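Enquirer: Just the structure for this:
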Amino acid sequence: MRFRGTEYTGKGQIIAIIDSGVDVSDPRLRGASLTGWNIQLNATAHALLASDFVDENGHGTEIAAAVHAVAPHAQLMCIKIMDARLRTSADLMAAAIELAAKNGAGVINLSLGTPNMGKALLLRDCCANAVEKGAVVIAAAHPKGERAYPADLPEAVGVASHPDCPPEKFYYFAPHRFPAREWGALSGKFIGHGYTSASASGAPGVYKGSGLATANLSGRISCLREALPSESPVNLIEHLRQLALTPVPEIGYA
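Expert: Down below sits the predicted model:
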């Protein structure tokens, strides 16, 4: 990513990808530095860690490939919390955020979320703890602008997507210009490019929405961390807002 006239690649940064695991043999991840765990909860709701983070679905691998495309020199910390059917829980998300923060992740990517308000406080505590440790938590917003956590938490960066958002560009729905009474949960969110990796012809791949857009911006934040190593998570997010374009209603949301 180019920032202030210099190209950055996420060198020296750790990006946690909380998802369905990763296929380390995927050619799009050639040269990537990959580590990780598998988290499961036992009958007493205690987290159990294992070293196997093999992707049984493919979703996590898509996310990792999108992050790696933007920040190829960042270390990817793959934390598997979803099975082959992409089933998980807010408790597993919370455990994964805590694990990522404890192990030095500077960016924590969740291309998923929950509408469960009963778990919002738990996730908020984990996100606040991660931010206190210096991490930026970035999460996919609901595709229709409905409630989703942790994307709607003030401690997290929420990312939505729209098929008309072009590559290399992203927007920010500033609350003072797009008030919640008119834009609902999209107010205060970033809107990003939600396509899979480009084909050989340069055309974008399949549109998959906010999950891919979140991964793209996670890579960008990692590059900002490399460029501005002394900045706090709050200041890094402000820099990202300054880099974003101002959207117009014609982008497709109404």
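
Enquirer: Give me the distance between residue 44 and residue 178.
Expert: 44 Å (CB to CB, to the nearest Å). (C-beta placed from N, C-alpha, C; glycine too.)

Enquirer: repeat for residue 52
Expert: Relative to residue 178, residue 52 is positioned 43 Å away (criterion: CB to CB).

Enquirer: So the two - more neighbours on which side?
Expert: More crowded of residue 52 and residue 178, by other CB atoms under 10 Å: residue 178, with 20 against 9.

Enquirer: so what's that one up against?
Expert: Going by CB atoms under 8 Å, 6 or more residues apart in numbering, residue 178 touches 186-187, 247.

Enquirer: For the nearest residue to residue 48 once chain neighbours are set aside, what is the enclosing helix or strand?
Expert: Sequence neighbours aside, residue 40 is the residue nearest to residue 48 in space, at 4.9 Å (criterion: CB to CB, 6 or more residues apart in numbering). In this structure, residue 40 is located in strand 33-41 according to DSSP states H and E.

Enquirer: after that strand, next one along is what?
Expert: Proceeding C-terminally, strand 33-41 gives way to strand 47-50 as the next helix or strand, assigned by DSSP H and E.

Enquirer: Any idea how far that next one is from the middle of the chain?
Expert: The chain centroid and the centroid of strand 47-50 are separated by 22 Å under CA atoms, centre = their mean, to the nearest Å.

Enquirer: Enumerate the positions of that strand that are buried.
Expert: For strand 47-50, burial by neighbour count (16 or more other CB atoms under 10 Å) applies to residue 47.

Enquirer: That one pairs with which strands?
Expert: strand 33-41 (antiparallel) (DSSP bridges).

Enquirer: ok, residues contacting the strand it pairs with?
Expert: In contact with strand 33-41 (CB under 8 Å, 6+ apart) are residues 21-22, 24, 47-53, 64, 74-81, 89, 91-92, 95-96, 99.
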